[in-house]
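1. compute the structure for the input listed below.
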Amino acid sequence: MTLLPGTARQVDLLVAQAQSTGRTPSLVMGVVRDGSLAHVATAGGNPAAHPDLQYRIGSISKTMTATLAMQERDAGRLSLDDPLEKHLPGTGVGALTLRQLLGHAGGLQREPEGQWWERAEGADLATLLTGVDAAKIAYPPHRAYHYSNLAYGLLGGVLERSTGTPWAELLRRRILDPLGLRRTTYSATEPFARGYVVHPWHGTLREEPRTDTGAMAPAGQLWSTVEDLARWAAFLADPAPEVLAPATLTEMCAPVVMSDLDSWTGGHGLGLELYRDGDRVYVGHGGSMPGYVSALAVHRPSRTAVVGYANAYGFGIGSLGRRILTTVLDSEPPLPPPWQPTAVAPATGVIEVTGRWWWMGVPLDVRWDEAAGELEVLMRGERKNRFVAEGPDRWRGCAGPEHGEVLSVLRDDTGAVVALDIATFVFTRTPDQEP
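-> Numbers count the residues shown, from 1 in each chain. Got it, this is the predicted structure:
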């Protein structure tokens, strides 16, 4: 699927304007729709960007580290409520849980001890742990969001101890190879863009070092391309079950903590940042390393995403990516799936519960969705729930506000259906009948 010419022109214009005003040597942004790269916009010529050119992805690496952690959770080898002490004893911050570390809700200090880790050669895990003690709690846990790169260095250590495999090798086996991310690598691999700091007054470029961050690699080490990051965005929209269960990815997208307590426009899930734009919520992450910035924003309901890179430290690529994503969704909203007539009348037990029901004067409409094999239940014509059969006269909520609740079919002495009981709220066929 490609973008319409008018939409593509808007995206190209946004990218060209951002590169010009933001003074970055090169800029590349890709739009992903339905699992494929639909459009690539580039600007700047230092170097000339293309979809297979590597840039450093920085903290987008955290989304993959979090995915590895959730794989381990699903396999039963760790729990999100495990204290860090269980996996990395003796740190002094061992009461923090893995959930808190994944969601930046533990109050852990932002950076590890020593030189700025992003621009210095990294140490091994043992050395990293020697610099962690109780004084590294910079903010009271549980109270609010406090971003921590150090948390992801520690999570990488947890993964290494849990699996007996170094983080980079585990990543290759569990994510990169299965998803075909052949150009996502630990170190820069040609062709790659050099990263710069742009002088604010005379526009000269200073090339930045490309470090091996050692035990902090799970927080920001990786390099990738637009093509590969588009594949990763497509995975976050609609995961491959052999890599991660779809329900687990949905769990990762639920807020652990709000990062913006005033207007609730941002939050953090389990390794994924959450961005609200009007009625839409995007999931993803930003990234930066010396000389590089990156963007990843995904609108899961429409399977639409934006990914991108610039090779200038400090360039505002995250807001640009979300603006592009909103532009695409506003200009080309996804088509709804076509309605199909029911081929065969549903079983009697289904027919008996369809139609209009009432509770305290409030209407409830029940329809049968043959394609999904589910009841679609609408309250007041708008509050939509779905239920799947769990047994005779028993249905379990599988989507909507009643997710997980039980719908019981109530019959009279003759076996006729007379009411529906949804979590103790009893619906009858007439609005004036007492529940």
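2. bridged to R386, which residues?
-> Under DSSP bridges, the beta-bridge partners of R386 are E376, A399.
3. report the contact partners of T250.
-> Applying CB atoms under 8 Å, 6 or more residues apart in numbering to T250 gives no contacts. To be clear about C-beta, it is placed using only N, CA and C from the backbone, and glycine gets the same treatment.
4. looks to me like it is in a strand.
-> No. Applying DSSP: H, G, I helix; E, B strand; the rest coil, one finds T250 to be helix, outside a strand.
5. and the nearest residue to H199 once chain neighbours are set aside, helix, strand or coil?
-> With sequence-adjacent residues excluded and distances taken as CB to CB, 6 or more residues apart in numbering, H199 is closest to R206, at 7.1 Å. Going by three-state DSSP, the secondary structure assigned to R206 is strand.
6. so R206 sits right up against R194, yeah?
-> No. Taking contacts as CB atoms under 8 Å, R206 lies outside contact range of R194: 10.5 Å.
7. which of those two has more neighbours?
-> R194 (17 against 12; other CB atoms under 10 Å).
8. that one: what secondary structure?
-> Of the three states, R194 takes coil under three-state DSSP.
9. also V366?
-> strand.
10. end to end on stretch 296-310, go ahead and measure it.
-> With CA to CA, to the nearest Å applied, stretch 296-310 spans 13 Å between its terminal residues.
11. and that stretch, how far from the chain's centre?
-> From the chain centre to the centre of stretch 296-310 is a distance of 10 Å (CA atoms, centre = their mean, to the nearest Å).
12. one more: stretch 188-205?
-> With CA atoms, centre = their mean, you get 29 Å for stretch 188-205.
13. quick one: average pLDDT of that stretch?
-> The pLDDT scores in stretch 188-205 average 96.
14. so which bits of that stretch are buried?
-> Buried positions in stretch 188-205, judged by neighbour count with 16 or more other CB atoms under 10 Å: 192-196, 198, 205.
15. quick one on the thing from earlier: now do the contacts for the residue nearest to H199.
-> 196-197, 199.
16. gap between the residue lying closest to D52 once chain neighbours are set aside and A38?
-> Leaving aside its sequence neighbours, D52 sits nearest to T225 (CB to CB, 6+ apart; 5.2 Å). Relative to A38, T225 is positioned 16 Å away (CB to CB, to the nearest Å).
17. what are the buried residues along stretch 424-435?
-> Neighbour count says stretch 424-435 has 425-428 buried, by 16+ other CB under 10 Å.
18. could you pull out the helices for the stretch 201-350 of the chain?
-> 217-220, 226-237, 246-252, 317-331, 348-351 (DSSP state H, counting those that start in this stretch).
19. can you lay out the ones you listed as TSV showing distance to L125?
-> Shown next, in TSV, are those (distance: least, CB to CB, whole Å):
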stretch	distance to L125
helix 217-220	10
helix 226-237	25
helix 246-252	24
helix 317-331	30
helix 348-351	57
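20. single out the most deeply packed of these.
-> helix 217-220 (a mean of 26; mean count of other CB atoms under 10 Å).
21. what comes into contact with it?
-> 57-59, 61-62, 65, 118, 122, 149-150, 152-153, 155-156, 159, 167-168, 186, 213, 287, 289.
22. and that helix, what's its mean pLDDT?
-> 98.
23. on that earlier part again, in strands only, show me the contacts of helix 217-220.
-> If you go by DSSP state E, these have 287, 289 in strands.
24. look up how far V328 lies from R280.
-> From R280 across to V328, the span is 11 Å (CB to CB).
25. assign a three-state SS to A126, would you?
-> Three-state assignment for A126 (three-state DSSP): helix.
26. near it, how many residues? Count them for me, please.
-> Neighbours of A126 (other CB under 10 Å): 9.
27. how much space between it and M216?
-> 13 Å.
28. for G106, same thing?
-> Taken as CB to CB, the span from G106 to M216 is 17 Å.
29. for the protein, give me the ranges with low pLDDT.
-> Within the chain, the ranges that satisfy pLDDT under 70 run 141-143.
30. what residues of the lengthiest helix in the chain count as buried?
-> Identified as the longest helix of the chain according to DSSP state H is helix 5-22. Residues 7-8, 10-12, 14-15, 18-19, 22 are the ones in helix 5-22 that count as buried (16+ other CB under 10 Å).
31. also stretch 73-85?
-> Per 16+ other CB under 10 Å, stretch 73-85 contains these buried residues: 73, 78, 80, 82-84.
32. ok, stretch 34-51 next?
-> Buried-residue list, stretch 34-51, by 16+ other CB under 10 Å: 35, 37-44, 49, 51.
33. again with stretch 80-99
-> By neighbour count on 16+ other CB under 10 Å, the buried set for stretch 80-99 is 80, 82-84, 87-88, 91, 93-94, 96-99.
34. got the end-to-end distance for it?
-> Stretch 80-99 has an end-to-end distance of 5 Å (CA to CA).
35. chain center to that stretch, what's the gap?
-> The gap between where stretch 80-99 is centred and where its chain is centred comes out at 24 Å by CA atoms, centre = their mean.
36. and stretch 293-300, by the same measure?
-> Using CA atoms, centre = their mean, the offset of stretch 293-300 from its chain centre is 9 Å.
37. now stretch 398-413
-> Remark: stretch 398-413 is offset 31 Å from the chain centroid, using CA atoms, centre = their mean.
38. repeat that for stretch 217-225.
-> Centroid displacement of stretch 217-225 relative to its chain, using CA atoms, centre = their mean, is 17 Å.
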